[in-house]
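S.K.: Take this sequence and fold it.
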Amino acid sequence: QVQLVESGGGLVQAGDSLRLSCAASTRTFSEIAMGWFRQAPGKEREFVATISRTGKSTDYADSVKGRFTISRDNAKNTVYLQMNSLKPEDTAVYYCAARLAPRVAGTSLPSDYDYWGQGTQVTVSS
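M.R.: A predicted model of the protein is given here:
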């Protein structure tokens, strides 16, 4: 069982930055690939970014590439999403997700993940 708790969301203006955090309650965090997804009202949950167990491999949705950065600190059992140059279309509830071993890397498919956090709201005003 893995519990995930996101934090760091809020209301910002276009062009601002936010850093989301996701703390995992597990002794095996270094064996878990992690991902960030988001869901806007009336839309399906969509992939944002993913990071491998070691942090050496990352992948991003085209819509956030060059603006968002995913990272992790295995000593703190935490994954981060640094979001720069935010746009109104980035407004959504952001979720972190865990993909358990033996899978090494994350994917862009929500169905490939085993555990989800409750989400944190990000609102970007124009």
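
S.K.: Can you give me every residue that contacts the residue nearest in space to the middle of the chain?
M.R.: The centroid of the chain falls nearest to residue 36 when counting by C-alpha atoms, centre = their mean (2.3 Å). Contact analysis of residue 36 by C-beta atoms under 8 Å, 6 or more residues apart in numbering lists 20, 22, 48-50, 70, 79, 81, 94-97. All C-beta spots, glycine's among them, are computed from the backbone N, C-alpha and C.

S.K.: From these, list the buried ones, please.
M.R.: 20, 22, 48-50, 70, 79, 81, 94-97 (16 or more other C-beta atoms under 10 Å).

S.K.: now, which of those residues sits nearest residue 125?
M.R.: Sorting the buried ones among the contacts of residue 36 by distance to residue 125 puts residue 94 at the head of the list, at 16.5 Å, by C-beta to C-beta.

S.K.: Check the secondary structure at that closest one for me.
M.R.: Classification of residue 94 by DSSP: H, G, I helix; E, B strand; the rest coil places it in strand.

S.K.: quick revisit: which ones among the buried ones among the contacts of residue 36 map onto helices?
M.R.: Nothing among the buried ones among the contacts of residue 36 maps onto helices, per DSSP state H.

S.K.: Same list as before, those that is, but in CSV and with pLDDT included.
M.R.: Putting the buried ones among the contacts of residue 36 into CSV (pLDDT from 0 to 100) gives the following:
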residue, pLDDT
20, 98
22, 98
48, 98
49, 98
50, 97
70, 98
79, 98
81, 98
94, 98
95, 98
96, 98
97, 98
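
S.K.: Any figure for the gap between residue 5 and residue 117?
M.R.: Between residue 5 and residue 117 the computed distance is 6 Å (C-beta to C-beta, to the nearest Å).

S.K.: now do residue 101
M.R.: Distance check for residue 101 against residue 117: by C-beta to C-beta, it reads 19 Å.

S.K.: Pick out whichever of those two has more residues nearby.
M.R.: residue 117 (21 against 11; other C-beta atoms under 10 Å).
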